[in-house]
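> here are the coordinates; sequence isn't available:
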Ligand code: ATP
């Protein structure tokens with residue numbers, strides 16, 4: 001049985017703003033699902049509906065098999081961690097952690113045991129006597145997670161919990177959260193606009209755009225077979241190159257080489273190539289337009305014919321031309337109008353066709 005089940009859920013606000021549009025999604029028991037998308041795509045609205053802080057305009061939400069639209073937030077047994085942490089400033093960390101348990105009228109000894117157990121798990125035992133203003137951003141973030149954890153809820157809902165941290169700390173806390181999710185074995189719905197965070201934490205990732213679910217799948221599925229151009233551009237960094245071209249029975253011409261994409265059609269399409277898909281090779285000669293150093297790799301702008309594409313390579317080009325090649329299996333083909341990935345449709349795609357030679361001159 002899925003832990004959280006959303007069925008045709010829509011949320012409309014005043015003046016016709018559609019925050020969520022007919023969204024259906026199943027989140028498995030003890031699954032970590034990240035929800036990613038640009039600002040305003042409906043991520044927080046989705047969490048607020050599950051938490052009961054808002055109600056859907058239409059559709060059904062079930063928690064552990066029980067319909068919850070009419071169940072008030074405090075009875076849903078879900079815990080939410082907000083971007084702002086929402087800690088009580090006048091209370092110590094101990095009191096912040098203990099508050100919910102005290103409200104539930106648990107015995108003092110049980111409260112004390114759970115506070116210390118949670119603090120030990122998050123390694124914040126030495127902070128229990130401090131107030132939030134005496135803590136660093138990362139420490140506050142841990143206390144906020146602890147406050148959710150201590151309730152032992154059916155599901156954790158986290159809304160951009162790392163966005164107030166600097167880049168270095170974000171990375172460290174991200175690793176810690178991943179370990180924590182593994183340890184507590186709970187169902188987690190984690191909202192972020194950061195695709196690296198989404199991919200690295202998740203069992204599955206749901207991508208939203210303008211209130212609509214674009215794709216849900218494992219991080220690998222989204223990276224290797226994005227369902228459409230939006231997902232392809234949002235997932236992966238540096239982002240995918242796109243250009244339009246004419247296919248003739250699935251083949252197109254770039255820098256004098258014919259590439260067979262494997263799709264069986266002749267029409268204008270959008271081609272997508274990830275910068276890291278290029279390999280050193282002698283097939284295609286391009287002109288180096290610019291070079292960015294990204295630590296151990298170089299992102300270069302390469303002009304082929306009239307198209308400038310980015311390529312991520314290991315060594316700095318020695319000249320102002322560069323020879324590259326690409327495996328045709330790494331080429332994505334998108335419908336120009338709908339943006340749909342044509343290669344994800346098995347009826348349109350015969351995999352395994354290889355690069356054709358010789359080059360056209
Ligand atoms: P962000 O990443 O910027 O937090 P988000 O993806 O979480 O964005 P939501 O906060 O869910 O997006 O908002 C989705 C849409 O609904 C936006 O257009 C937003 O302006 C609108 N919206 C959200 N809450 C309300 C509200 N209470 N009243 C009216 N419109 C709202």
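Cool, got the structure. Because the structure is a prediction, the values reported are computed rather than measured. Numbering: from 1, shown residues only.
> backbone phi and psi for the spatially most central residue of the chain, please?
Against the mean C-alpha coordinate of the chain, by C-alpha atoms, centre = their mean, the closest residue is residue 198 at 3.1 Å. Here is the backbone geometry of residue 198 (degrees, to the nearest 10): phi -60, psi -50.
> Just list the residues touching it, thanks.
Neighbouring residues of residue 198 by C-beta atoms under 8 Å, 6 or more residues apart in numbering: 34-36, 190, 192, 205, 219. Just so you know, the C-beta spots here come from the backbone N, C-alpha and C atoms, and that holds for glycine as well.
> can I get those in a markdown table with pLDDT and neighbour count?
Formatted as a markdown table, those follow (pLDDT from 0 to 100; neighbours: other C-beta atoms under 10 Å):
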| residue | pLDDT | neighbour count |
| --- | --- | --- |
| 34 | 97 | 25 |
| 35 | 97 | 28 |
| 36 | 97 | 27 |
| 190 | 95 | 26 |
| 192 | 94 | 25 |
| 205 | 97 | 26 |
| 219 | 96 | 18 |
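> List, out of those, those positioned next to the ligand.
Near the ligand, judged by C-beta under 6 Å from any ligand atom, there are no entries from the contacts of residue 198.
> so can I have JSON lines of those residues showing distance to residue 15?
Below are the contacts of residue 198 laid out as JSON lines (distance: C-beta to C-beta, whole Å):
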{"residue": "34", "distance to residue 15": "30"}
{"residue": "35", "distance to residue 15": "25"}
{"residue": "36", "distance to residue 15": "26"}
{"residue": "190", "distance to residue 15": "30"}
{"residue": "192", "distance to residue 15": "27"}
{"residue": "205", "distance to residue 15": "31"}
{"residue": "219", "distance to residue 15": "36"}
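> Among those residues, which are located in strands?
Here DSSP state E is the test, and these give 34-36, 190, 192, 205 as lying in strands.
> Can you name the residue of the stretch 251-361 of the chain nearest the ligand?
residue 339 (19.6 Å; C-beta to the nearest ligand atom).
> Report the separation between that residue and residue 55.
32 Å (C-beta to C-beta, to the nearest Å).
> May I see the buried residues of stretch 218-231?
Neighbour counts over stretch 218-231 (16 or more other C-beta atoms under 10 Å) mark 219, 221-223, 226-231 as buried.
> The ligand contacts on this structure?
Close to the ligand, as judged by C-beta under 6 Å from any ligand atom, the chain has residues 13-14, 17, 19, 37, 39-45, 193.
> go again using 5 Å as the cut-off
13, 17, 19, 39-45 (C-beta under 5 Å from any ligand atom).
> just the buried members of those residues?
For these, buried by 16+ other C-beta under 10 Å: 19, 41-45.
> among those, which are in helices?
43-45 (DSSP state H).
> where do the helices sit along the chain?
For the chain, the helices defined by DSSP H occupy 43-51, 93-103, 108-121, 137-149, 167-184, 195-201, 219-224, 229-234.
> TSV please, covering those helices and showing distance to residue 82.
What follows is the helices of the chain, written out as TSV (distance: least, C-beta to C-beta, whole Å):
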stretch	distance to residue 82
helix 43-51	9
helix 93-103	13
helix 108-121	18
helix 137-149	7
helix 167-184	15
helix 195-201	16
helix 219-224	25
helix 229-234	24
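> Mean pLDDT lowest where, among these?
If you rank the helices of the chain by mean pLDDT, helix 167-184 sits at the bottom with a mean of 84.
> Other residues contacting it?
So helix 167-184 is in contact with 32, 121-122, 137-138, 141-142, 145, 149, 161-162, 165, 188, 197, 200-201, going by C-beta under 8 Å, 6+ apart.
> What pLDDT is listed against residue 134?
pLDDT, residue 134: 93.
> Check the buried residues of stretch 218-231 and tell me the two furthest apart.
Greatest spatial distance in those: 219 and 229, 18.6 Å, computed using C-beta to C-beta.
> Could you point out the longest strand of the protein?
In the chain, with assignment by DSSP E, the single longest strand is strand 279-294.
> buried ones in it?
283-284, 286, 288.
> Just want the residue of the stretch 101-250 of the chain that's nearest the ligand.
For the stretch 101-250 of the chain and the ligand, the shortest gap (C-beta to the nearest ligand atom) falls at residue 193, measuring 5.0 Å.
> Count the residues that sit near that residue.
17 (other C-beta atoms under 10 Å).
> contacting residues for it?
Neighbours of residue 193 in contact, by C-beta under 8 Å, 6+ apart: 36-39, 43, 160, 163.
> now with 6 Å?
Contacts for residue 193 (C-beta atoms under 6 Å, 6 or more residues apart in numbering) come out as none.
> wait, residue 35 sits on residue 190?
No - using C-beta atoms under 6 Å, residue 35 is not in contact with residue 190; the gap is 7.0 Å.
> Mind listing the shared neighbours of those two?
With C-beta under 6 Å, 6+ apart, residue 35 and residue 190 have no common neighbours.
> picking that back up, tell me the pLDDT at the residue of the stretch 101-250 of the chain closest to the ligand?
So residue 193 comes in at 92 (pLDDT).
> got it, and residue 4?
For residue 4, pLDDT reads 94.
> Kindly provide the distance from the residue nearest to it when sequence neighbours are not counted to the ligand.
Among residues not flanking residue 4 along the chain, residue 27 sits closest, at 4.1 Å (C-beta to C-beta, 6 or more residues apart in numbering). Distance of residue 27 to the ligand, computed by C-beta to the nearest ligand atom, to the nearest Å: 17 Å.
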